[in-house]
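Chemist: Here is the input, now give the coordinates:
(one chain, ligands or ions: 3)
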Amino acid sequence: MARAFLVVLDSVGCGGAPDAADFGDAGSNTLAHIARECAQGRAEDGRSGPLHLPNLDALGLGAAIALASGEAAPGLGAAPRGLWGAGTEVSPGKDTPSGHWELAGLPVPWDWHYFPDTNPCFPPELVAEVCRVAGTEGILGNRHASGTVVIAEEGARHVETGWPICYTSADSVFQIAAHEEHFGLERLLKLCKDLAPLLHGMKVGRVIARPFVGDAQIGFTRTTNRKDFAILPPQDTLCDWAQKAGRKVHAVGKIGDIFSMRGIDDVRKGSDAALMEHLLEVMDLAEEGSFTFANFVEFDSLYGHRRDVSGYARALEWFDAQVPRLLARLRDGDLILFTADHGNDPTWHGTDHTRERVPVLGAGVGEKAIGQVGFADVAASIADHLEIPAQGPGRSFL
Ligand SMILES: O=P(O)(O)O[C@H]1O[C@H](CO)[C@@H](O)[C@H]1O
Ligand SMILES: [Mn+2]
Ligand SMILES: [Mn+2]
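Modeler: Ligands and ions are numbered 1, 2, ... in the order given. Got it, this is the predicted structure:
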């Protein structure tokens with residue numbers, strides 16, 4: 001019986017989304033613009049020269065970028081030897097849950113609630129409730145912000161007052177940053193957990209705990225104890241289809257949070273470097289007929305939101321160099337797909353995600369041009385490969 005592995009490179013988009021203008025993102029193209037900057041010698045920090053992704057490109061990465069957007073990505077564009085195409089999202093959000101749920105066969109069936117880009121951005125009733133639950137006189141932040149900037153700006157006042165730093169972005173998120181020692185990690189996690197039902201009721205997709213350490217002298221740094229409290233997917237997804245068909249479902253990275261563990265048997269977490277080792281181990285251990293869903297988030301969290309082109313290029317080159325290790329673990333009949341959930345063009349204005357198409361690359365089924373597909377077709381194809389019943393709007397491209 002076949003096995004399937006779905007690997008999401010978080011935010012590794014390739015432009016061309018037909019509705020990009022609705023998001024203010026017409027012309028954004030994460031991969032093509034990183035490749036352009038690299039080729040022009042403007043991404044030389046910790047790496048050098050044209051973007052070097054020979055393994056993903058051999059599957060069809062350059063061809064997928066050209067198909068999605070018509071843009072050239074210097075250094076990429078080998079003749080594809082894998083499954084290759086481009087995926088278009090229909091969900092009304094360019095955030096992580098929207099992208100992953102739709103890849104898993106469930107386009108988001110509602111409009112998310114977004115907080116306005118005003119100062120303050122949160123309604124007084126919500127602020128009052130946060131204060132009541134936190135037991136504080138007020139909150140800090142209360143605006144759209146980059147998470148690393150907001151702790152630099154508000155960290156000292158936070159330590160002084162004990163008030164939580166609350167902020168949002170272009171995504172449907174309510175984020176709370178607090179100091180692990182001064183405020184307390186457990187207290188922050190409990191605050192987010194207690195507030196989540198109210199915010200989910202407002203159709204805010206996630207409440208995210210953003211713990212940090214440090215002081216005003218050495219600076220404040222976020223820790224890896226981030227925790228997302230996400231709305232439960234409202235219907236079954238590929239994870240549930242597989243589980244209900246008696247298959248094992250393994251998660252690697254943020255996948256457990258994104259699906260609130262719905263339809264998931266186990267999850268392995270850590271930095272992207274650690275996740276790669278976890279994924280390799282799962283590939284060794286995964287049962288016949290099982291489904292493994294992995295997310296590598298650092299492209300997005302460490303480099304896309306930080307608009308760090310060199311860093312993003314380094315992360316891509318690191319990942320690409322790991323690809324042969326993954327492919328070597330495929331057994332006869334296995335399918336591995338590489339895709340993304342949205343864009344996060346590090347050359348774009350602001351610090352938010354960008355609405356883009358995504359590459360859909362695969363190995364295990366030979367050379368196969370799948371053309372333009374929908375995100376939900378990924379789920380339908382994996383279900384097809386695993387020979388389990390699929391639901392939702394997707395069609396198999398296998
Ligand atoms: O700037 P930071 O805190 O990393 O926030 C980013 O992370 C959030 C959740 O993925 C996004 O909505 C974006 O705002
Ligand atoms: Mn994402
Ligand atoms: Mn993000």
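Chemist: Cross-check the contact I'm expecting between residue 299 and residue 315.
Modeler: Yes - counting by Cβ atoms under 8 Å, residue 299 does reach residue 315; the two are 5.2 Å apart. Backbone N, C-alpha and C define where each C-beta goes, glycine included.
Chemist: and after the strand or helix carrying residue 229, which helix or strand comes next?
Modeler: Using DSSP states H and E, residue 229 falls within strand 227-230. Sequence order places helix 238-244 as the next helix or strand after strand 227-230, per DSSP H and E.
Chemist: how close does the residue lying closest to residue 335 once chain neighbours are set aside sit to residue 336?
Modeler: Closest residue to residue 335 apart from its sequence neighbours, by Cβ to Cβ, 6 or more residues apart in numbering: residue 364 at 4.3 Å. Here the criterion is Cβ to Cβ, to the nearest Å. By it, residue 364 lies 6 Å from residue 336.
Chemist: Of these two, give the one with the bigger neighbour count.
Modeler: residue 336 (26 against 20; other Cβ atoms under 10 Å).
Chemist: Once you drop chain neighbours, what's closest to the more buried one?
Modeler: Nearest one to residue 336, counting by Cβ to Cβ, 6+ apart, is residue 5 at 4.3 Å.
Chemist: quick revisit: partner strands of the strand holding residue 229 and their direction?
Modeler: Here strand 227-230 is paired, per DSSP bridges, with strand 206-215 (antiparallel).
Chemist: starting at the chain centroid, how far to the next helix or strand after the partner strand?
Modeler: Reading on from strand 206-215 to the C-terminus, the next helix or strand found by DSSP H and E is strand 219-222. Relative to its chain's centre, strand 219-222 lies at 22 Å (Cα atoms, centre = their mean, to the nearest Å).
Chemist: And stretch 231-250, by the same measure?
Modeler: That offset, for stretch 231-250, works out to 19 Å (Cα atoms, centre = their mean).
Chemist: go on, stretch 152-171?
Modeler: With Cα atoms, centre = their mean, you get 24 Å for stretch 152-171.
Chemist: next one: stretch 176-194
Modeler: That offset, for stretch 176-194, works out to 23 Å (Cα atoms, centre = their mean).
Chemist: Just the CA trace of that stretch, in CSV.
Modeler: Taking Å, rounded to 0.1, in the frame of the first residue of the first chain, the C-alpha atoms of stretch 176-194 are listed here in CSV:
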residue,chain,number,x,y,z
ILE,A,176,0.0,38.5,22.7
ALA,A,177,3.7,39.0,23.5
ALA,A,178,4.8,38.7,27.1
HIS,A,179,8.1,38.2,28.9
GLU,A,180,8.6,34.6,30.0
GLU,A,181,10.0,35.5,33.4
HIS,A,182,8.4,38.8,34.3
PHE,A,183,4.9,38.0,33.0
GLY,A,184,5.3,34.2,33.1
LEU,A,185,5.2,31.7,30.3
GLU,A,186,2.4,29.6,31.8
ARG,A,187,0.4,32.7,32.5
LEU,A,188,0.7,33.9,28.9
LEU,A,189,-0.3,30.5,27.6
LYS,A,190,-3.3,30.4,29.9
LEU,A,191,-4.3,33.9,28.9
CYS,A,192,-4.3,33.0,25.2
LYS,A,193,-6.2,29.8,25.8
ASP,A,194,-8.8,31.5,27.9
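Chemist: Contact partners for whichever residue of the stretch 1-150 of the chain sits closest to ligand 2?
Modeler: Relative to ligand 2, the nearest point of the stretch 1-150 of the chain is residue 96 (3.3 Å; Cβ to the ion). Contacts for residue 96 were tallied using Cβ atoms under 8 Å, 6 or more residues apart in numbering; they are 10, 171, 254, 258, 300, 341-342.
Chemist: switch the cut-off to 7 Å
Modeler: Applying Cβ atoms under 7 Å, 6 or more residues apart in numbering, one finds that residue 96 lies in contact with 10, 258, 341.
Chemist: ok, the first one touching residue 294?
Modeler: No - contact criterion Cβ atoms under 7 Å: residue 10 and residue 294 do not qualify, at 10.3 Å.
Chemist: can you give me how far stretch 130-138 is from the chain middle?
Modeler: Counting by Cα atoms, centre = their mean, stretch 130-138 comes out at 31 Å from the chain centroid.
Chemist: can you count the residues close to whichever residue of the stretch 1-150 of the chain sits closest to ligand 1?
Modeler: With Cβ to the nearest ligand atom, the shortest gap between the stretch 1-150 of the chain and ligand 1 falls at residue 147, namely 2.1 Å. When neighbours are counted by other Cβ under 10 Å, residue 147 registers 22.
Chemist: Who are the contact partners of it?
Modeler: Here residue 147 is in contact with 175, 177, 210, 222 (Cβ under 7 Å, 6+ apart).
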